[in-house]
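Participant: coordinates only, no sequence provided:
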């Protein structure tokens, strides 16, 4: 599996293109400001784009959905139902940051935790990880050794919880139950910044290790 990253926008958000090099099929994950370059890559390489999959519905992760839909008008859009309200309030989200954003195309399919989604050789296990956003999920590809984790955890940090629908204790539980239970060598592709691994965050992330001999958050 080939994973390409398109970083852009004032939030430095990572848009991902996950490609099965045998079938030449691909999936767009969290098309944000890098969506135009993702579409250009799909077109220039002759890939078959199968779906848009959203880890969550914050502005920077969904503002490029329309770009992908303009390229492929019938492409399905997957999201967890708990983030639909957030997705539909995109103009209001943008206004909170003094920005403008238009509403995006309506999602077509639900992501169901515990169920796999498969797109012509690109398969993800869906894990429910609320705390940063009410309907946040991570997309795990165990056979390929990677997971796309959105804004749950970053290299040396975790997702913010001060936005509407965020909750620190819920986020920490999501990380411990759904991320740190993955193999230590699994690569984590994050919503912002460079990739990391489960083991690196378990051992060195200041939010996830015991402090001064005490317990965990």
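Facilitator: Nice, I can see it. Small disclaimer: the values here were computed from a predicted structure and weren't measured.

Participant: going forward, measure contacts between C-alpha atoms and count neighbours the same way
Facilitator: Noted.

Participant: shaky segments in this protein?
Facilitator: Across the chain, the ranges flagged by pLDDT under 70 are 211-217.

Participant: longest helix of it, counting residues only.
Facilitator: Determined from DSSP state H, the single longest helix within the chain is helix 35-45.

Participant: buried residues in that one?
Facilitator: Going by neighbour count (16 or more other C-alpha atoms under 10 Å), the buried part of helix 35-45 is 35-39, 42.

Participant: ranges for the strands of the chain?
Facilitator: With DSSP state E as the criterion, the chain has strands at 2-8, 13-20, 25-29, 48-53, 77-79, 109-110, 116-119, 122-128, 137-141, 146-150, 153-154, 157-158, 187-190, 196-197.

Participant: residue 210: which of those strands is closest?
Facilitator: Closest to residue 210 of the strands of the chain is strand 157-158 (C-alpha to C-alpha; 14.4 Å).

Participant: what comes into contact with the closest one?
Facilitator: Outside strand 157-158, the residues that touch it by C-alpha atoms under 8 Å, 6 or more residues apart in numbering are 151-152, 205-207.

Participant: what's the first-to-last distance across stretch 87-104?
Facilitator: End-to-end distance of stretch 87-104 (C-alpha to C-alpha, to the nearest Å): 8 Å.

Participant: how about stretch 175-184?
Facilitator: 13 Å.

Participant: quick one: it to chain centroid distance?
Facilitator: Chain-centre distance of stretch 175-184: 16 Å, with C-alpha atoms, centre = their mean, to the nearest Å.

Participant: next, the buried residues of it.
Facilitator: If you call a residue buried by 16+ other C-alpha under 10 Å, then stretch 175-184 has these buried ones: 175, 178-180, 182, 184.

Participant: picking up where we left off before, can you pull out the residues in contact with the longest helix of the chain?
Facilitator: If you take C-alpha under 8 Å, 6+ apart as the criterion, helix 35-45 is touched by 6, 15-17, 28, 48-49, 64-65, 67-68, 71.

Participant: quickly name whichever of these is closest to residue 106.
Facilitator: residue 65 (9.6 Å).

Participant: quick revisit: from the contacts of strand 157-158, list the buried ones, please.
Facilitator: Buried, going by 16+ other C-alpha under 10 Å: 151-152, 205, 207, out of those.

Participant: redo the residues you listed as a markdown table? Include distance to residue 59.
Facilitator: Listed next are those as a markdown table, based on distance: C-alpha to C-alpha, whole Å:
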| residue | distance to residue 59 |
| --- | --- |
| 151 | 12 |
| 152 | 15 |
| 205 | 26 |
| 207 | 25 |
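
Participant: between those, which sits nearest residue 22?
Facilitator: Nearest to residue 22 among the buried ones among the contacts of strand 157-158 is residue 151, at 29.6 Å by C-alpha to C-alpha.

Participant: so that closest one sits against residue 192, correct?
Facilitator: Yes: contact criterion C-alpha atoms under 8 Å: residue 151 and residue 192 qualify, at 7.3 Å.

Participant: in contact with the nearest residue to residue 140 once chain neighbours are set aside, which residues?
Facilitator: Once flanking residues are discounted, residue 140 sits nearest to residue 147: 4.2 Å by C-alpha to C-alpha, 6 or more residues apart in numbering. If you count contacts by C-alpha under 8 Å, 6+ apart, residue 147 has them with 138-141, 186-189.
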